[in-house]
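*Asks:* Just to be clear, the model below is a prediction. Sequence and coordinates:
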Amino acid sequence: MTILFGIAIGLTVGCFVGIILGIILRNTKYKRDRAQNAQQLKKLLQQINPYINSVTFILLGIGLIWTVYYLILGIVDTTQTEFATNVSQLIVSVLTVFSIIVAFYQFIRER
């Protein structure tokens, strides 16, 4: 658990450092190429958008199926209630992280 905590802290610090360096470099470097790079990125995002929408729909559907399954398991077999609750919470947590990633992608795509 300590290793996972260290990884999470390292990733968080890396994100903050990356944002700060990105802001600094954005304002000082390659201003003339920015429009061309933005057009290339927008074209790429438009090409992969249908695939991302399909994957999102499939994962959310599968998450719904398994969450309902564990809900029913917890209701039917009371000895499995705690297990079913924990697994359902794990599924919802993973789907929440995935939804955040997709929302970030949509934000970048709209920009």
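*Replies:* Cool, the structure landed. Numbering: from 1, shown residues only.
*Asks:* and Ile91, how far is that from Phe104?
*Replies:* As for Ile91, its distance to Phe104 is 21 Å (criterion: C-beta to C-beta, to the nearest Å). C-beta here means a position set from N, CA and C on the backbone, and glycine is covered the same way.
*Asks:* When those two are compared, which one has more neighbours?
*Replies:* Regarding Ile91 and Phe104, a neighbour count based on other C-beta atoms under 10 Å identifies Ile91 as having more, with 18 against 10.
*Asks:* quick check: mean pLDDT across the helix or strand encompassing the more buried one?
*Replies:* Here Ile91, judged by DSSP states H and E, is contained in helix 81-110. Per-region confidence: helix 81-110 scores 86 on mean pLDDT.
*Asks:* elements contacting that helix?
*Replies:* When contacts are defined as 3 or more C-beta pairs under 8 Å, 6 or more residues apart in numbering; DSSP states H and E, helix 81-110 sits against helix 34-76.
*Asks:* So what's the residue count around the closest residue to Val92 other than its chain neighbours?
*Replies:* Among residues not flanking Val92 along the chain, Thr67 sits closest, at 6.6 Å (C-beta to C-beta, 6 or more residues apart in numbering). Other residues near Thr67 number 18, with proximity taken as other C-beta under 10 Å.
*Asks:* With Arg109 instead?
*Replies:* When neighbours are counted by other C-beta under 10 Å, Arg109 comes out with 14.
*Asks:* isn't it right up against Gln47?
*Replies:* No: the pair Arg109 and Gln47 fails to qualify as a contact (C-beta atoms under 8 Å) at a distance of 11.2 Å.
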